[in-house]
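Colleague: can you look at this prediction? I've put the sequence above it.
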Amino acid sequence: MLKGELRKQAILDASEALFFEKGYAGATIQDILSVLDCSKGSFYHHFESKLQVLAELCRQRAEKSFAAYQEAVYDDALSALNGLIYYAMPFRSGEEKAVALLLPLEGLADGGVVRSALLDAQKQFFFPELCRLLEILKKQNLVYYTQPMLPHLLWDAYTALYQRMMQESVAIRQGGAAGGVIQLLEAERFMWERLLDAPFGSMELIRGDEALQTISHAVSMLRRMENAQ
């Protein structure tokens, strides 16, 4: 890795640690510079703003999630399809910090930019693999569809699911009931099975209890962070 690339990654690593410690809003560019002991010129050589840093962190997280999907072992193409959506979803176990980082941005202008960056990166890495798996499953007669646009519609359904999951997370953070997460994931699972004409119960995507636990942990992290400030 070249010197400039090393500096850029160092900025990203330091920023990520500070965002998790202080929250995105609480961490400043000066905080990042102080940790790295570097100049503003060095920072702005690589990034235009703190927002651009977070957007790049989201892109890297999508790339790492796809790498984790590739490293996992699957029994067949159907389990791989479930694994694909599981690793694309940032609500799985171990993603509590990411949810806690993104949750306060929901409804804000910066949140829209970050959400677009994350979803665009996820599509870049995960969508071609989704299409590949669906072609395999079609040949195995495990799914059935004739419309070439269906994979695109399925991906649109995934992105809508992500946004609805974030809305449910906001509601939980505000003291609302948690049952909406389970219902939402059950509806999504049912929809994928019907659209693909897949066997009943074959789609899991992500377990509702796991997603709910991840969100609950993220909300607890946020509350501890807010109490400490």
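Modeller: Nice, thanks for sending it over. Keep in mind that this is a model prediction, so the values were computed, not measured.

Colleague: tell me where this protein has helices.
Modeller: Assigned by DSSP state H, the helices in the chain fall at 3-22, 29-36, 40-46, 50-71, 77-88, 96-102, 109-139, 150-173, 179-196, 208-228.

Colleague: need the contact list for the residue nearest in space to the middle of the chain.
Modeller: Of all residues in the chain, the one closest to the mean position by C-alpha atoms, centre = their mean is P90, 3.5 Å from it. Neighbour list for P90: 61, 65, 98-99, 102, 118, 162 [criterion: C-beta atoms under 8 Å, 6 or more residues apart in numbering]. For the C-beta atoms, the positions are set from N, CA and C on the backbone; glycine is no exception.

Colleague: closest one to A228 out of those residues, please.
Modeller: V99 (18.4 Å; C-beta to C-beta).

Colleague: run a quick neighbour tally on the residue lying closest to the closest one once chain neighbours are set aside.
Modeller: Distance criterion C-beta to C-beta, 6 or more residues apart in numbering; nearest residue to V99, sequence neighbours excluded, is A218 at 3.7 Å. Residues contacting A218 under the criterion other C-beta atoms under 10 Å number 24.

Colleague: F43 too?
Modeller: Other residues lying near F43 total 22 when counted by other C-beta under 10 Å.

Colleague: doesn't I29 make contact with it?
Modeller: Yes: counting by C-beta atoms under 8 Å, F43 does reach I29; the two are 6.3 Å apart.

Colleague: distance-wise, check A178 relative to Q213.
Modeller: 10 Å (C-beta to C-beta, to the nearest Å).

Colleague: returning to what we had before: how about the contacts of P90 in TSV, adding neighbour count and pLDDT?
Modeller: Formatted as TSV, the contacts of P90 follow (neighbours: other C-beta atoms under 10 Å; pLDDT from 0 to 100):
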residue	neighbour count	pLDDT
R61	19	93
S65	22	96
A98	21	91
V99	24	92
L102	23	92
L118	22	93
Y162	18	94
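
Colleague: mind listing what the closest residue to C58 other than its chain neighbours touches?
Modeller: Once flanking residues are discounted, C58 sits nearest to L118: 4.0 Å by C-beta to C-beta, 6+ apart. By C-beta under 8 Å, 6+ apart, L118 lies in contact with 58-59, 61-62, 90, 102.

Colleague: which one of the residues you listed is nearest to L51?
Modeller: C58 (10.7 Å).

Colleague: so that closest one sits against D120, correct?
Modeller: No: counting by C-beta under 8 Å, C58 sits too far from D120 to count as a contact (9.1 Å).

Colleague: so those two - more neighbours on which side?
Modeller: C58 (24 against 14).

Colleague: so how far is stretch 176-191 off the chain centroid?
Modeller: Taking the mean of its C-alpha atoms, stretch 176-191 sits 17 Å from the chain's own mean (C-alpha atoms, centre = their mean, to the nearest Å).

Colleague: just checking, A72 touches Y87?
Modeller: Yes: using C-beta under 8 Å, A72 is in contact with Y87, at 7.4 Å.
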